[in-house]
Structures are given as C-alpha cells and as structure tokens.
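Visitor: Here's my sequence, what's the structure:
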Amino acid sequence: MNTIKKYAGILWILVGPLGIYFLVQTALSEIAKKPHVDTKIQWIVFIAIFTPIYLGVVLPGPWFMRHRDNAQIKAFVAGATAAAAGAIAGAVIVLSRQTVTDLPAVVIAVASLVLLLKARVKEPVLVGLGAVAGLLLHWPF
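Guide: From the prediction side, this is the model:
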C-alpha cells in the first residue's frame, strides 16, 4: 500500500503543474471569447484558490514527510486541521443561509444531517443522494 501511495504522490506532483497550466489557458481562452461577460473575476478567484493549495501541499510535502514524527509538526498539523474544520463549518453556515430557503431544501438538509450523523453514510454517497433529490424535485427542467 505504501508503494501505491508513493507512486500516486509522484503522479500528483507531476500532473499538478500541468493541471494549473491548462486551468490558466482555459481561463484565458474563455475570457478572450466573451470579453463582454465578466468572467475574469471568477477565473482569477478559481486560480487564486487552487494554485496556492497545490503549491502549499507539493512544495513542503517532502519536508513534512521527513519530519512527520516531530511533535511540533504534529501540533502544527493538528492546529491547521482544526482551523480548516472551523473554516469549513463557517462556510457551511454562510452557504446554508443562502440556499436553505424553502421547505424542500430544509427537508434535504435535515435528511442529509441525519444520514451523516446517525446512519454514517459516506459524504460522496450523501452528495449523490442530494443531487438525485434535487433532480427529482425539479423534473422536468
């Protein structure tokens, strides 16, 4: 299993810059096609979010692997994980206020919470079920 993880990591390190390159090229071509539509901001935000995440994982990755048994590194990772969980929780509150505005959305949100906490349904399955519920509620488009 460690060998698979090692090769998957190497593949990610090699493919990541290529993905960023194609992301930037796609953004530039989309902006050039529709200069009257304000797509520049969306693409800049998209690139500004994903590029630092990639660079923040790949560049210090080997250093973290060498020092993963260090107590200070473990404390840093625990703190960063807690901060990320807090940021995600805050985003959930903001997004929920904007999207859970009618009875079907409330039912889907409550059912999702129950399935997540009580039935221990995995998140990808939950996202799929929510998508199916949304499609059924709005069929035909």
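Visitor: any idea which element the residue nearest to W43 when sequence neighbours are not counted lies in?
Guide: Setting aside the residues directly before and after it, W43 is nearest to A27 in space (Cβ to Cβ, 6 or more residues apart in numbering), at 3.7 Å. Placement of C-beta: from N, CA and C, glycine included. Per DSSP states H and E, A27 falls inside helix 2-33.
Visitor: what's near enough to touch the residue nearest to W43?
Guide: Taking Cβ atoms under 8 Å, 6 or more residues apart in numbering as the criterion, A27 is in contact with W43, I44, F46, I47.
Visitor: Just the ones of those in helices?
Guide: Secondary structure from DSSP state H places W43, I44, F46, I47 of the contacts of A27 in helices.
Visitor: Can you tell me how far the second one is from S112?
Guide: If I follow you right, that is I44. Counting by Cβ to Cβ, to the nearest Å, the gap between I44 and S112 amounts to 32 Å.
Visitor: These two: which has the busier surroundings?
Guide: Set side by side, I44 and S112 show more neighbours around S112, with 17 against 12, by other Cβ atoms under 10 Å.
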